[in-house]
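[1] The following block contains a protein sequence and its predicted model.
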Amino acid sequence: MYETSIAARSPVGMVRTFYSDVAQRVSKAYATLSPGHRQIADFILKNATEAATMNNVELATRCQVSTATATRFARAIGFASFADFRESQINAMRNDLSHANKLSREIDSAASHFDLVRNGLEQDLSNLHATSSGLDEGTCTRAVDLILKSDRVFAFGAGLSQHAIGVLMHGLEPYCRGNATNIGPMGNGNTAIRRVLHCTENDLVITCSLPHYSADTIEITQIARQKGASVICITDRPTSPLTKHAHEIFYAHSNRRLLPNSITSAVAIAEGIIAAVANRRTEGLAVYRTLDARHSLGTKQAE
């Protein structure tokens, strides 16, 4: 997972491969750690990405130890402070997710252009299959109900994710009485945050983020939850920092070689949500009838 790995033997005698500076320190210190610190160590080695996003209180709660134990763990494995320990984890995660590193591992000069295009399609088919297999019926039902009952729907995505959000809001708008707004294209994160600060418990905020997770998207999701709005997130995995703030979560598998991410599954989820809403709220048909009539008139005038 990370660029440096070492083989180490666990206390039960099984050989495991540990990664990153934190993991190497844990491996070396494991035999001398207290039971509480070993609980933290085991969790970090199995959940490196999730652990990197946690402060000392969150890590303590997740590992069922005291906050003081979590704080002292950093020193027990050789860091000067918990802040240094956490920064090391975050840097390792960033390096692992780096597109440059990923690209350097995946480049194949012998592959033909045809092979690369076809392999990309096959990777997306695999992502779609995994996304479909992991889709939860309860999540779909509750998410569509939230869209149907909310007074206003706001949505935000940054980077590639803004395109998935754009598809979603373009499709939802006719069925939301004009109260579905994509707050991403309006400007930077500050502009979007200004809109979300006006949210109430009658509103819904939908966000989408894939690695690297957008700091703006995380903050907007958190603020929406704090303001009492309902929150739906589209992201790639349970360890995504968006999940802790969401009421409902759709997991869109996004793995692609030679690319940072693929938004194919996220777009497919967006289109599925649109179809489910359209199936329950037929008032959007009037909008499309008007647009169809306008198109027909324009065609006749052109003739």
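    Yep, it's here.
[2] Next one: residue 158 from residue 217, what distance?
    5 Å (Cβ to Cβ, to the nearest Å). To be clear about C-beta, it is placed using only N, CA and C from the backbone, and glycine gets the same treatment.
[3] what's the overlap in contacts for these two?
    residue 209 (Cβ atoms under 8 Å, 6 or more residues apart in numbering).
[4] And those two? Which one has more around it.
    residue 217 (27 against 23; other Cβ atoms under 10 Å).
[5] Let me know the secondary structure of that one.
    helix (DSSP: H, G, I helix; E, B strand; the rest coil).
[6] Go ahead and confirm it touches residue 211.
    No: in this structure residue 217 lies outside contact range of residue 211 using Cβ atoms under 8 Å: 11.7 Å.
[7] The helix or strand harbouring residue 275 - contacts with which helices or strands?
    Assigned by DSSP states H and E, residue 275 belongs to helix 264-280. Counting by 3 or more Cβ pairs under 8 Å, 6 or more residues apart in numbering; DSSP states H and E, the packing neighbours recorded for helix 264-280 are helix 113-133, helix 137-149, helix 161-172, strand 230-235.
[8] And the contacts of it?
    Helix 264-280 is contacted by residues 124, 127-128, 130-131, 140, 143-144, 147-148, 161, 163-165, 167-168, 171-172, 175, 208, 210, 234, 250, 252-254, 284 when judged by Cβ under 8 Å, 6+ apart.
[9] Would you indicate which residues of that helix are buried?
    Residues of helix 264-280 classed as buried by neighbour count (16 or more other Cβ atoms under 10 Å): 264-270, 272-274, 276-278.
[10] ok and the helix or strand hosting residue 154 relative to strand 230-235, angle-wise?
    Assessed by DSSP H and E, residue 154 sits inside strand 152-157. Angle, strand 152-157 to strand 230-235, by axes from the mean of the first three to the mean of the last three Cα atoms, to 10 degrees: 20 degrees.
[11] residues contacting residue 218?
    Residue 218 neighbours (Cβ under 8 Å, 6+ apart): 209, 241, 242, 245.
[12] Tell me how many other residues surround the last one.
    Applying the criterion other Cβ under 10 Å, we find 20 residues in the vicinity of residue 245.
[13] Relative to residue 232, how far out is it?
    Taken as Cβ to Cβ, the span from residue 245 to residue 232 is 11 Å.
[14] ok so, going back, figure out which of the helices and strands packed on helix 264-280 is closest to residue 42.
    strand 230-235 (25.4 Å; Cβ to Cβ).
[15] ok, back up a step: let me know the closest of the contacts of residue 218 to residue 224.
    Closest to residue 224, out of all of those and judged by Cβ to Cβ, is residue 245, at 7.4 Å.
[16] count of neighbours near the residue lying closest to residue 39 once chain neighbours are set aside?
    Distances taken as Cβ to Cβ, 6 or more residues apart in numbering put residue 63 closest to residue 39, at 4.8 Å, once the chain neighbours are dropped. Neighbour count of residue 63, defined by other Cβ under 10 Å: 22.
[17] Against residue 86, how distant is residue 63?
    Taken as Cβ to Cβ, the span from residue 63 to residue 86 is 14 Å.
[18] Same check on residue 54?
    8 Å.
[19] Need the phi and psi values for residue 260.
    Dihedral angles of residue 260 (phi, psi; degrees, to the nearest 10) stand at phi -60, psi -40.
[20] wait, it sits on residue 211?
    Yes: between residue 260 and residue 211 a contact is recorded at 7.4 Å, counting by Cβ under 8 Å.
[21] just to revisit the earlier point, out of the buried residues of helix 264-280, which one has the lowest pLDDT?
    Least confident of the buried residues of helix 264-280 in the model: residue 278, at 91.
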